[in-house]
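Student: The following block contains a protein sequence and its predicted model.
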Amino acid sequence: MPGKADVLLGFEAAEALRWCHYLRPQSTAMVNRLNLEPPVVSLGLFDYPIDPIADIRRQGIKVRDFDAGEIARELGDLRLVSTIMLGAISESLPFNPESLKENIVARFRARKPALADLNAEAFERGRGVATIPA
C-alpha cells in the first residue's frame, strides 16, 4: 500500500525511484547505484531519469546509495549483489541481522558449500556499507 513501507531495497536506481511512493515519510531506501536502461528507454518510449537517487531524496526519503556491483567484483563474483544488498538493509529490518545472515549461509552450506563463506563475507560488506554516513 503506498505510503506505508518502512524500507526500500533498490537493486537499480530508477526502479527504486519507481517504487519509492510506497515508503512513508522519513523511511529508508538502500539503493544500488546501478543504472540499467530498460528496453522502453532504448526504444525511445520513455526517458531514463537524469539522477534517480537525487529524485528520491527530494521526496524526503533517507537514501543510502552505494555500488553493490563494485563490492561484488572485489569479492570475485557479481552474483553476490543480492547478499550485499540484504546485508546493507539488514539493520533496518524487524528481525536480527545475524539471524538473516545465518539463514543465508546455512542455505548455501546445504546447496553450494563453496559459496557459503563468500556469501557471509558479502553480507558483512553490505552491513559495513550501511553504517557509513551517506
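Tutor: Thanks, I have the structure now.

Student: per-residue confidence at the residue most central in space within the chain?
Tutor: Closest to where the C-alpha atoms of the chain average out (CA atoms, centre = their mean) is residue 85, at 3.9 Å. Predicted confidence (pLDDT) for residue 85: 95.

Student: Output the below-cut-off pLDDT ranges for the chain.
Tutor: Within the chain, the stretches with pLDDT under 70 are 131-134.

Student: picking that back up, let me see the contact set for the residue nearest to the centre of the chain.
Tutor: Going by CB atoms under 8 Å, 6 or more residues apart in numbering, residue 85 touches 9, 11, 30, 32, 68, 126. In this view, the C-beta of every residue, glycine as well, is placed from N, C-alpha and C.

Student: try it again with 10 Å
Tutor: Applying CB atoms under 10 Å, 6 or more residues apart in numbering, we find residue 85 in contact with 9-11, 30-32, 66, 68, 71-72, 122-123, 126, 129-130.

Student: Only alpha carbons, please: show the host helix or strand of it as CSV.
Tutor: Following DSSP states H and E, one finds residue 85 within helix 81-89. Listed next in CSV are the C-alpha coordinates belonging to helix 81-89 (Å, rounded to 0.1, in the frame of the first residue of the first chain):
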residue,chain,number,x,y,z
VAL,A,81,25.0,-8.3,-5.2
SER,A,82,21.8,-9.7,-3.7
THR,A,83,23.6,-10.8,-0.5
ILE,A,84,25.4,-7.5,-0.3
MET,A,85,22.1,-5.6,-0.6
LEU,A,86,20.5,-7.8,2.1
GLY,A,87,23.4,-7.1,4.4
ALA,A,88,23.0,-3.4,3.7
ILE,A,89,19.4,-3.3,4.6
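
Student: In terms of secondary structure, what does the strand ranked longest in the chain contact?
Tutor: Secondary structure of the chain per DSSP state E: the longest strand is strand 23-32. Judged by 3 or more CB pairs under 10 Å, 6 or more residues apart in numbering; DSSP states H and E, strand 23-32 is in contact with strand 5-10, helix 13-19, helix 52-57, strand 62-66, helix 68-75, helix 81-89, helix 116-131.
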